[in-house]
Structure formats: structure tokens, C-alpha cells
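Asks: sharing a sequence plus its predicted fold:
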Amino acid sequence: MKQVFGAVCVLTALIWSSLASAQATYPSRPVHMIVVYPAGGGADLLARTLGETIQRQTGQPMVVENRAGASGMIGATACKNARPDGYTFCLVLSDVVTINPHLFKNIAYDVDKDLVPVASLAQTGGVVVVGSAVPAKNLRELADYSNANKDKANWGSFGVGSSSHLMLEMFNNSLGASLTHVPYRGVPQLVTALVTGEVAASILVYGQVSQYLAKGEMKVIAATGGRRLPQIPDVPSVVEQGLNFAPVNWYGVFAPTGTPAAVVARMNQLLNESLADPVVRRLLDVQGFFPLPDTPAAFGERVKNDRDSWRPVARSLNLSLD
């Protein structure tokens with residue numbers, strides 16, 4: 001028995017020594033970060049800002065690659081198929097791992113089997129916005145406007161099956177609205193559609209539209225996360241306006257299954273330290289993000305719980321996409 005105990009102790013010591021060694025030397029070359037949305041959006045900006053911070057920490061650059069399309073599934077699939085050597089990760093919006101599995105029949109990745117949770121980054125400060133020509137000042141007025149102007153009452157989203165798309169369906173059902181869904185490839189295209197009047201309304205992150213709000217090119221009529229945003233404290237949340245749902249989105253980082261645990265732990269540490277960096281914190285504040293530093297295990301639980309919470313929503317709307 002003493003021999004067995006001694007062998008276990010030696011093995012444990014070797015494992016911890018190996019982990020410490022891996023963490024001390026990692027990364028030894030550039031890290032590849034797949035962003036599942038186009039350049040110019042919140043995910044892209046967050047990835048590049050974090051990459052700059054990690055380069056200052058380690059001396060190694062983070063190469064950001066935008067792999068957009070198919071509601072984030074193109075980038076997530078590329079992450080799944082990457083070599084699990086600890087040098088490829090992907091940054092996704094929560095929709096990719098919490099909503100897509102409920103909606104798409106031909107999804108090419110299994111969240112539990114193919115992707116390893118690395119780090120949660122930030123909760124988004126979502127807002128419902130309308131174009132400057134839309135007279136609505138709140139959700140009820142937007143519903144009334146849509147019913148009186150069905151030919152031009154379009155709702156832009158950042159992808160079929162996205163939380164923005166589901167929010168539209170829930171909004172139409174709850175308030176009897178008649179907004180028509182129009183998906184866009186990414187945030188820049190959606191913002192342009194709002195400014196030009198191509199769409200009447202959408203959900204976006206506060207920081208993505210703040211400059212347009214200041215110029216009067218669009219208006220905020222609700223905050224989506226169940227609480228008011230400190231940047232716009234006079235704007236009521238969707239819950240305050242009578243809806244019984246408050247979708248919460250976040251950004252997080254994943255790695256392909258098989259990535260060494262020591263590397264996952266080290267990248268989690270680097271990302272958490274980056275979230276505390278003053279430059280990153282200023283970015284989060286400007287964008288309306290709330291930092292969400294956590295362990296890989298706790299992040300994995302968040303993914304599971306949020307995926308479970310979206311399941312009845314998807315079922316109730318009877319949406320099934322190919």
C-alpha cells in the first residue's frame with residue numbers, strides 16, 4: 001500500500017511539474033484566434049484588443065482570423081477541426097454554443113464533444129434600436145408602428161437563428177407585432193441598414209451604436225439584459241416594458257477538443273489578466289460590456305445552463321433550420 005501511495009505521489013508531482021513547465025513556456029509562437037464574425041464588430045474588436053494585451057504579456061502575437069457566416073458555424077467548425085496543439089482558439093458570441101444546437105439540423109460541431117471552454121470574457125450590453133425615421137419611443141409603440149407599416153417594418157438581425165432573430169419572434173408573439181426578419185452577415189452591414197432606413201429596428205450592443213445615437217441617426221428604446229445600462233440610465237429594460245424575457249449574450253473563447261489542459265489553464269489566466277488591464281476595461285466600458293472572468297470549469301457550467309435555458313424558447317417558437 002505504501003508503494004502504491006508513493007507511486008501516486010510521484011505521478012502527481014510529475015503531472016504538476018509538467019503543467020507548471022507548460023504554463024511557464026507557453027506560448028512560444030504566435031497564437032491563432034478565429035473570430036466567427038466579420039471584421040469591425042464587437043467580437044473582432046474584443047479579440048484584437050485582448051490580443052494586444054496578451055502580446056505585451058508574453059511577447060507573442062495573437063493572429064486574428066475572421067471566419068464569418070452561417071450564424072457563426074463556419075468559424076466554430078474551423079475551430080473544431082484545428083490541430084489541438086494549444087495554438088488555435090475561437091472567440092464566439094454565446095448564440096453559437098447555446099442557441100445553434102437547438103435550431104440547426106445540420107450543425108457540424110457538437111459543443112460538448114468538439115469544443116473545450118477556455119474563458120468567458122464579457123456580457124454584452126444589448127439595446128433595442130430603431131432608425132431615426134421610426135417614430136416609436138418604446139416597445140409598444142414599435143409594435144403599433146409595425147402593424148401600421150408592414151411594408152417597411154423590417155427587423156435586422158446578425159444571422160438566422162441568432163438571439164436577435166429569436167428576440168424578434170418572441171417580440172412579435174408577445175406584443176402582436178408584425179416585424180419582418182431580415183438577416184445580415186455582420187454588425188457593420190446591419191448598422192448601415194439601420195442608418196439608411198433599410199430596416200426599422202434591431203438589437204445591437206450599445207457600443208456598436210453609441211456614435212450613431214449621438215448623431216441622431218438611430219434611437220434606443222430598450223435595454224435587453226433585464227437591467228438598465230449605466231451609459232443610458234433613462235432607457236427602461238425590456239422587462240420593465242412588460243416582456244417576460246431578457247436575453248443575455250456574452251463573448252467567450254473555446255479550443256478544439258484535445259487541447260492540453262495546461263494550455264487551457266494558461267490561456268484562461270492570460271485572458272483573465274487581460275480583462276483586468278486598464279486599456280481593456282476602458283474598451284468594455286465604452287462598448288457597454290460587463291467583464292465575466294471565470295475558470296474554464298465555471299465557464300463550462302455557464303454554457304450548459306444557458307443552452308438549457310434557450311431550449312424551451314426555441315421549442316415554443318417552433319423554429320427548425322437547415
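Replies: Now that the structure is in, tell me what you want to look at. Residues are numbered from 1 along each chain as shown.

Asks: pretty sure residue 55 contacts residue 61?
Replies: Yes - assessed by CB atoms under 8 Å, residue 55 is found in contact with residue 61 at 5.1 Å. Quick note: C-beta positions are derived from backbone N, CA and C, even for glycine.

Asks: I'd like the average pLDDT over stretch 209-217.
Replies: For stretch 209-217, mean pLDDT rounds to 93.

Asks: buried sites along it?
Replies: Neighbour-count burial for stretch 209-217, with 16 or more other CB atoms under 10 Å as criterion, is recorded at 209-210, 212-213, 217.

Asks: would you list every one of the helices in the chain?
Replies: Here the chain has its helices, by DSSP state H, at 2-25, 42-58, 73-81, 95-98, 100-103, 111-114, 139-148, 163-175, 187-196, 206-214, 261-275, 278-287, 296-317.

Asks: most packed of those?
Replies: Highest mean neighbour count among the helices of the chain (mean count of other CB atoms under 10 Å): helix 95-98, with a mean of 26.

Asks: which strands and helices sit next to it?
Replies: helix 73-81, helix 296-317 (3 or more CB pairs under 8 Å, 6 or more residues apart in numbering; DSSP states H and E).

Asks: ok, and what's touching it?
Replies: If you take CB atoms under 8 Å, 6 or more residues apart in numbering as the criterion, helix 95-98 is touched by 36, 71-73, 75-76, 111, 115, 159, 161-163, 249, 252, 254, 303, 306-307, 309-310.

Asks: how near is residue 255 to residue 121?
Replies: 14 Å (CB to CB, to the nearest Å).

Asks: ditto for residue 236
Replies: 27 Å.

Asks: burial count for the nearest residue to residue 252 once chain neighbours are set aside?
Replies: With sequence-adjacent residues excluded and distances taken as CB to CB, 6 or more residues apart in numbering, residue 252 is closest to residue 120, at 4.7 Å. Residue 120 has 26 neighbouring residues, counting by other CB atoms under 10 Å.

Asks: I figured residue 120 hits residue 300, correct?
Replies: No - using CB under 8 Å, residue 120 is not in contact with residue 300, being 9.6 Å away.

Asks: top strand in this structure by residue count?
Replies: Identified as the longest strand of the chain according to DSSP state E is strand 115-123.

Asks: from the chain's centroid, how far away is it?
Replies: When distances are taken as CA atoms, centre = their mean, to the nearest Å, strand 115-123 is centred 9 Å away from the chain's centroid.

Asks: same thing with stretch 183-193?
Replies: With CA atoms, centre = their mean, you get 16 Å for stretch 183-193.

Asks: with stretch 275-284 instead?
Replies: Its chain's C-alpha centre lies 17 Å from the corresponding centre of stretch 275-284 when counted by CA atoms, centre = their mean.

Asks: hey, C-alpha coordinates of it in CSV?
Replies: Taking C-alpha atoms only, stretch 275-284 is exported to CSV below (Å, rounded to 0.1, in the frame of the first residue of the first chain):
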residue,chain,number,x,y,z
LEU,A,275,-9.7,41.6,-18.8
ALA,A,276,-8.2,43.5,-15.8
ASP,A,277,-5.9,45.6,-17.9
PRO,A,278,-7.0,49.3,-17.8
VAL,A,279,-7.0,49.5,-21.7
VAL,A,280,-9.3,46.6,-22.0
ARG,A,281,-11.5,47.8,-19.1
ARG,A,282,-12.0,51.1,-20.9
LEU,A,283,-13.0,49.3,-24.1
LEU,A,284,-15.5,47.2,-22.2
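
Asks: residues in contact with it?
Replies: The contact list for stretch 275-284, computed with CB under 8 Å, 6+ apart, reads 45-46, 49-50, 52-53, 121-122, 274, 289-291, 293.

Asks: residue 140: which of those residues is nearest?
Replies: Comparing the contacts of stretch 275-284 against residue 140 with CB to CB places residue 290 closest, at 27.4 Å.

Asks: quick check, the closest one in contact with residue 126.
Replies: No - if you go by CB under 8 Å, residue 290 and residue 126 don't touch, sitting 11.1 Å apart.

Asks: higher neighbour count, those two?
Replies: Higher neighbour count among residue 290 and residue 126: residue 126, with 26 against 17, using other CB under 10 Å.

Asks: OK, contacts around the spatially most central residue of the chain?
Replies: Centroid-nearest residue in the chain: residue 93, 1.9 Å away (criterion: CA atoms, centre = their mean). Listed by CB under 8 Å, 6+ apart, the contact partners of residue 93 are 36-37, 43, 72, 124, 162-163, 249-251.
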